[in-house]
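Pasting a predicted model and its sequence here:
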Amino acid sequence: MYDIKALYEAESVQDACRLLTEHPEAQVIAGGSDVLVQVREGKRAGKELVSIYMLDELRGISIDKDENVRIGSLTSFSNITKNPIIQEKIGVLGEAVNMIGGPQVRAIGTIGGNTCNGVTSADSASTLHAWEAIIEITGPDGVRYDKIKDFYIKAGTVDLNLGEIQTAILIPKESYENCFGHYIKYGKRNALEIANIGCSVNVRLSKDKKTFDRVRIAYGVAGPVPMRAPSAEAFINGKAVTEENIEQFGKEVLNDINPRESWRGGKKFREHMAVVMAQRALRESIRKAGGEVR
Amino acid sequence: MSERQYKTVHFTLNGKPTERNVDVRASLTDMLRNDYRMTSVKKGCEVGECGACTVIINGEAFDSCIYLAVWAEGKEITTLEGLLGPNGELSDIQEAFVEETAIQCGFCSPGFILSAWEILNTGKEYTDDELRKLLSGHLCRCTGYENIFRAVKKTMLRRLGKYEEAEKVNDAGIVDTDERKPFASLDPTVQA
């Protein structure tokens, strides 16, 4: 038995907003792979929970009328990885969420939960930052949208007000068209591991594939929240696809990131890893885009 | 908790429709063990790390310890008990676990077998790396995993009709295609 004070099961999105407004102390539970573990640990023991897990309308991946890739917030990691739209448009997201936990955790864990936790190490977070995802938030007064970088406020805190839940994650067409990306997770083990540092890069090459038209890079665990590396991006955009530029791109990252010293890894170590991962992820993205490094 | 909160859940367990009034605080592990005596569902870490409590929900393996019992509503759930034939016969994957000595204390076995069941039911042929990743949600402290891996791999090959290959899976889990005897170069009866 879990130590739960009360469980309120939402029957619709509006019902979830109502329950959360009526019970301001309650914690939302989606898949529960974090919340239920925290209840067991005692961190969230004895609290009220509002379960949205049964809301099937928040599951599934589609292309909406504006050609955004729309991922329902309750879509599980395993369903994201298996989804043909994701495989075709944003393959790297399916690969990144396929590195979370183990198979059973990926069956229950949701992309909405992964982002609403506000945790920097979340494997989906760096890729969603690098693809400039838009977060759809539904509250008692309707729907609003947030850029993902504004959604993350600080470690463990996201932009959700009383009575609001995240209902979808959108990747705009401008963001995914002709883009190819790669994610590298560094951890001590291959399975059931939290990222020591994670790096997601995507690239759009010029028509002749000789110039970087647009490169975007984002990290998890390079700071308190997932973050882009703007000076590295500014350096590489418009430059030729050469090994020299790739090397320098990695070094530029150090102007942007601020990893911390923790038991999982030292600051210096993480900085070194960040440089190497940026270069490797960029090379792999170029390969996926059909380009060649000169 | 001042007042106990209960809810009736309707679901299918090992092919049979059922319903139960459960305490909303119960995990699916709690309900399956306590209300249904499905004791193949083991209580291990209870935080979704060890995989001993694995069950199949709508065709996919889940850790039942981090799944609320009330979420079983409308689902099709399979436990290890559901793999047995009508007269208690073991399934092919269970037989393979026995054959390969993929069991010692047995605590991880029901979970491992159910994950293997999901993998095998896809009907695909996986590479060794893919298989290892698909089996990575379980901890086993006895076998060192190699025998488990071999049991799953052999069953996969057999289900694909590759019986000869399955028999050639060696102790290292590799299909042994080398027809020579060991130390063939030192054996004067073997022509180089």
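Perfect, thanks for sending it.

check which helix or strand covers A:Cys138.
Small correction: residue A:138 is Thr, not Cys. Assigned by DSSP states H and E, A:Thr138 belongs to strand A:134-139.

Parallel or antiparallel, which strands does that strand pair with?
Looking at strand A:134-139 with DSSP bridges, its partner strands are strand A:142-147 (antiparallel), strand A:165-171 (antiparallel).

Can you tell me which of those is packed in deepest?
Across the strands paired with strand A:134-139, averaging neighbours per residue (mean count of other CB atoms under 10 Å in any protein chain shown) puts strand A:165-171 on top, at a mean of 24. The way it works is simple: take the backbone N, C-alpha and C, and place the C-beta from them, glycine included.

same for the helix or strand just after it, what does it pack against?
As assigned by DSSP H and E, the chain's next helix or strand after strand A:165-171 is helix A:173-176. Using 3 or more CB pairs under 8 Å, 6 or more residues apart in numbering or on different chains; DSSP states H and E as the contact test, no helix or strand touches helix A:173-176.

list the buried ones in the helix or strand just after helix A:173-176?
Downstream of helix A:173-176, the next assigned helix or strand under DSSP H and E is strand A:180-186. Across strand A:180-186, burial judged by 16 or more other CB atoms under 10 Å in any protein chain shown covers A:180-186.

quick one: terminal-to-terminal distance for stretch A:232-242?
End-to-end span of stretch A:232-242 (CA to CA, to the nearest Å): 15 Å.

Pop the domain breakdown of the chain in here.
Because you didn't say which chain, this covers chain A. Domain segmentation of chain A under automatic domain parsing yields A:4-51, A:58-173, A:183-288.

try chain B instead
Here the domain assignment for chain B is B:1-83, B:85-175, based on automatic domain parsing.

one step back: figure out which of the domains of chain A is closest to B:Asn121.
Nearest to B:Asn121 among the domains of chain A is domain A:58-173 (13.7 Å), distances taken as CB to CB.

ok, back up a step: would CSV of the buried residues of strand A:180-186 with pLDDT and distance to chain B be doable?
Formatted as CSV, the buried residues of strand A:180-186 follow (pLDDT from 0 to 100; distance: CB to the nearest CB, whole Å):
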residue, pLDDT, distance to chain B
A:Phe180, 98, 23
A:Gly181, 98, 21
A:His182, 98, 18
A:Tyr183, 97, 16
A:Ile184, 97, 16
A:Lys185, 95, 13
A:Tyr186, 92, 17
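
Which single one of those residues is nearest to A:Ala16?
Looking across the buried residues of strand A:180-186 and measuring by CB to CB, the closest to A:Ala16 is A:Tyr183, at 30.9 Å.

mind checking how far the closest one is from A:Ala125?
Between A:Tyr183 and A:Ala125 the computed distance is 11 Å (CB to CB, to the nearest Å).

shared neighbours, those two?
A:Gly198 (CB atoms under 8 Å, 6 or more residues apart in numbering or on different chains).

Find the residue at the geometric middle of the chain.
No chain in the question, so chain A it is. A:Ala125 (2.0 Å; CA atoms, centre = their mean).

oops, I was thinking of chain B
Closest residue to the average C-alpha location of chain B: B:Ile113 at 1.8 Å, with CA atoms, centre = their mean.

Using the three-state scheme, assign that one.
Three-state call for B:Ile113 (DSSP: H, G, I helix; E, B strand; the rest coil): helix.

how about the helices in the chain?
No chain in the question, so chain A it is. Taking DSSP state H as the criterion, chain A carries its helices at A:13-22, A:35-41, A:77-82, A:84-89, A:91-97, A:103-108, A:111-116, A:123-130, A:148-151, A:173-176, A:230-236, A:243-252, A:267-288.

that's the other chain; I wanted chain B
According to DSSP H, the helices that chain B contains are B:28-30, B:92-99, B:109-121, B:128-134, B:146-159, B:163-167.

Identify the residues contacting A:Ile85.
Contacts of A:Ile85 (CB under 8 Å, 6+ apart): A:61-63, A:69.

Please produce a PyMOL select command covering the buried subset of those.
Buried residues among those (16+ other CB under 10 Å), as a PyMOL selection:
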select buried, chain A and resi 61+69
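
what's the closest of the contacts of A:Ile85 to chain B?
When the contacts of A:Ile85 are ranked by distance to chain B (CB to the nearest CB), A:Ile61 comes first, at 16.5 Å.

any idea what sits nearest the residue in chain B that chain A sits nearest to, other than its immediate chain neighbours?
Nearest residue of chain B to chain A: B:Gly137, at 2.9 Å (CB to the nearest CB). In this structure, B:Gly137 finds its nearest non-sequential neighbour in A:Gly102, 2.9 Å apart by CB to CB, 6 or more residues apart in numbering or on different chains.

For the one you found, give me phi and psi.
A:Gly102 adopts backbone torsions of phi -130, psi 180, taken as degrees, to the nearest 10.

So for it, what's the pLDDT?
The model reports A:Gly102 with a pLDDT of 95.

Quick check: it touching B:Leu139?
No. With contacts counted by CB atoms under 8 Å, A:Gly102 stays clear of B:Leu139, the gap being 9.5 Å.

Spit out the residues that contact those two alike.
Joint contacts of A:Gly102 and B:Leu139 (CB under 8 Å, 6+ apart) are B:Gly51.

More neighbours: which of these two?
A:Gly102 (26 against 19; other CB atoms under 10 Å in any protein chain shown).

hmm, back to that, out of the helices of chain A, deepest packed?
When the helices of chain A are scored by mean count of other CB under 10 Å, the highest mean neighbour count falls to helix A:123-130 (a mean of 29).

For the stretch 1-150 of chain A, which residues score under the pLDDT cut-off?
Counting by pLDDT under 70, not a single residue of the stretch 1-150 of chain A qualifies.

So which residues on it come close to chain B?
Taking CB under 8 Å from any CB of the partner chain as the criterion, the stretch 1-150 of chain A approaches chain B at residues A:1-7, A:9, A:32-33, A:36-37, A:40-41, A:51, A:53-54, A:78, A:101-105, A:107-108.

about what we covered before: of all the domains of chain B, which one is nearest A:Gly142?
Nearest of the domains of chain B (CB to CB): domain B:1-83, 28.3 Å.

Going by neighbour count, list what's buried in the least confident helix or strand in chain B by mean pLDDT.
Lowest mean confidence among the helices and strands of chain B (mean pLDDT, DSSP states H and E): helix B:163-167, at a mean of 94. Residues of helix B:163-167 classed as buried: B:165-166 (neighbour count, 16+ other CB under 10 Å).

cool, stretch B:141-151 as well?
B:143, B:145, B:147-151.

Touching, A:Arg59 and A:Asn79? I think so.
Yes. Using CB under 8 Å, A:Arg59 and A:Asn79 qualify as a contacting pair, with a distance of 7.4 Å.

need the strands for chain B, in chain order.
Taking DSSP state E, the strands of chain B run over residues B:6-13, B:16-23, B:54-57, B:60-63, B:76-78.

Turn those strands into TSV, columns for mean neighbour count.
As requested, the strands of chain B are arranged in TSV below (neighbours: other CB atoms under 10 Å in any protein chain shown):
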stretch	mean neighbour count
strand B:6-13	16
strand B:16-23	14
strand B:54-57	27
strand B:60-63	26
strand B:76-78	20
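
export the ones you listed to a markdown table and tack on mean pLDDT?
What follows is the strands of chain B, written out as a markdown table (pLDDT from 0 to 100):
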| stretch | mean pLDDT |
| --- | --- |
| strand B:6-13 | 98 |
| strand B:16-23 | 97 |
| strand B:54-57 | 98 |
| strand B:60-63 | 98 |
| strand B:76-78 | 98 |
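
I appreciate the help and will end here.
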